[in-house]
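Asker: Based on what follows, work out the 3D shape:
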Amino acid sequence: MAGRNPPDSFMEEGRLTGSLKDYVVGSVPTVYYIPEYITATEEEQLLNNIYRAPISKWKTLKNRRLQNWGGVVHEKGLLPQDLPRWLKEVTQRICEESNLFPKAINHVLINEYLPDQGIMPHQDGPAYVPVVAILSLGSPVVMDFAPHPSFENAKEVSENSRDNSTKVEHIEMSSGKKLSKHPPFSVVLMPRSLLIFKDTVYSDYLHGIQDCNTQRFDEAVNISKVPRSTEEAQAVDGMKSYGEADDGSSVIYRTDTRVSLTCRVVSKVRRHLIKL
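Answerer: Sure thing, here's the model as predicted:
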């Protein structure tokens, strides 16, 4: 299912300016990166609401913990629950300003990553409309995109990383083989930034974050939109997150916790699931 055509301009009260095409990064035309999408105050308010959630709302996985909002994603559809007001406000804004979602965002996964934690390369799966918005809070990080391997060059691994009963299929890539004509790429996700990807990137790529606290970023496709020095970074968010590796490459030091809001639309909503 494809979304509506992007608008030429955004709402006046929104944080975005100009045309959506101004935010395209990389060679694939369906990756959008919007720096400083929310303010520092809005970031703080979101984090406060996230950490005010009852401890029972958190689910601990092997390499991170998460909160699931919007209901349980089942193979037959979404068993819905209303999003809280603070999530409705931000998802409505993303939906209306981007105009890339076919209807209101109804599912949000909140992931918490410690400095050395990441997530293995994966796809979000067929339960969702093929468009994803990721709002980043806290520490910067590098997200890697790699072409989806063919079945001849890869094996499926049935890791049941059930993001609160959501079955996510993970693919383990074979090493040393050319997997696709699509080039791999990386995106730096700065605090308060919004990343949206859809269509080809959703269906033909895996995305993930390395389990390490130091990440290179000098070849990221959005390099022109991120600070390139410690001084610039401190001017943006007050963090000393940047440095230079022994080979002269620019690196991010992940010294703080990162929290992300992954906003999606589950296409099928089931008020009652009937066992057959």
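
Asker: what about this structure, any weak spots by pLDDT?
Answerer: Filtered on pLDDT under 70, the chain yields the residue ranges 1-15, 150-181, 227-240, 272-276.

Asker: quick one: the helices in it?
Answerer: In the chain, the helices defined using DSSP state H lie at 40-52, 85-98, 200-204, 230-237.

Asker: What about Ala104, how many residues nearby?
Answerer: 12 (other Cβ atoms under 10 Å). For every residue, glycine as well, the C-beta is placed using N, CA and C.

Asker: most packed of the helices of the chain?
Answerer: Highest mean neighbour count of the helices of the chain: helix 85-98, a mean of 18 (counted as mean count of other Cβ atoms under 10 Å).

Asker: Dump the C-alpha coordinates for that helix into PDB.
Answerer: Extracted in PDB, the C-alpha atoms of helix 85-98 (Å, rounded to 0.1, in the frame of the first residue of the first chain):
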ATOM      1  CA  ARG A  85      -2.400  12.000  24.200                       C
ATOM      2  CA  TRP A  86       1.400  12.800  24.300                       C
ATOM      3  CA  LEU A  87       2.000  10.200  21.600                       C
ATOM      4  CA  LYS A  88      -1.100  11.200  19.500                       C
ATOM      5  CA  GLU A  89       0.200  14.700  19.400                       C
ATOM      6  CA  VAL A  90       3.600  13.900  17.900                       C
ATOM      7  CA  THR A  91       2.400  11.100  15.600                       C
ATOM      8  CA  GLN A  92      -0.400  13.400  14.200                       C
ATOM      9  CA  ARG A  93       2.200  16.100  13.600                       C
ATOM     10  CA  ILE A  94       4.400  13.600  11.700                       C
ATOM     11  CA  CYS A  95       1.500  12.200   9.700                       C
ATOM     12  CA  GLU A  96       0.100  15.600   8.700                       C
ATOM     13  CA  GLU A  97       3.400  17.300   8.000                       C
ATOM     14  CA  SER A  98       4.900  14.500   5.900                       C
END
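
Asker: Please compute how far it lies from its chain's middle.
Answerer: With Cα atoms, centre = their mean, to the nearest Å as the basis, helix 85-98 stands 15 Å off its chain's centre.

Asker: what about stretch 253-262, how long is it end to end?
Answerer: Using Cα to Cα, to the nearest Å, the end-to-end distance of stretch 253-262 comes out at 23 Å.

Asker: Can you give me the buried ones in it?
Answerer: For stretch 253-262, a neighbour-count test (16 or more other Cβ atoms under 10 Å) marks 253-254, 256, 258-262 as buried.

Asker: how about TSV for those residues, with distance to Leu20 added?
Answerer: What follows is the buried residues of stretch 253-262, written out as TSV (distance: Cβ to Cβ, whole Å):
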residue	distance to Leu20
Tyr253	32
Arg254	30
Asp256	30
Arg258	26
Val259	26
Ser260	22
Leu261	20
Thr262	20
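
Asker: What is the most widely separated pair among those?
Answerer: Tyr253 and Thr262 (24.1 Å; Cβ to Cβ).

Asker: The closest residue to Glu36 other than its chain neighbours and Tyr37: what is the separation?
Answerer: Leaving aside its sequence neighbours, Glu36 sits nearest to Arg192 (Cβ to Cβ, 6 or more residues apart in numbering; 5.4 Å). Distance, Arg192 to Tyr37, by Cβ to Cβ, to the nearest Å: 6 Å.

Asker: same question, Gly70
Answerer: As judged by Cβ to Cβ, Gly70 and Tyr37 stand 20 Å apart.

Asker: cool, and Pro191?
Answerer: 10 Å.

Asker: Next: Glu43.
Answerer: Taken as Cβ to Cβ, the span from Glu43 to Tyr37 is 10 Å.

Asker: How about Pro149?
Answerer: Counting by Cβ to Cβ, the gap from Pro149 to Tyr37 is 32 Å.

Asker: Might one say that Val131 is in contact with Lys198?
Answerer: Yes: if you go by Cβ atoms under 8 Å, Val131 and Lys198 touch, sitting 3.7 Å apart.

Asker: neighbour count winner among those two?
Answerer: Val131 (24 against 21).

Asker: Alright, I will stop here.
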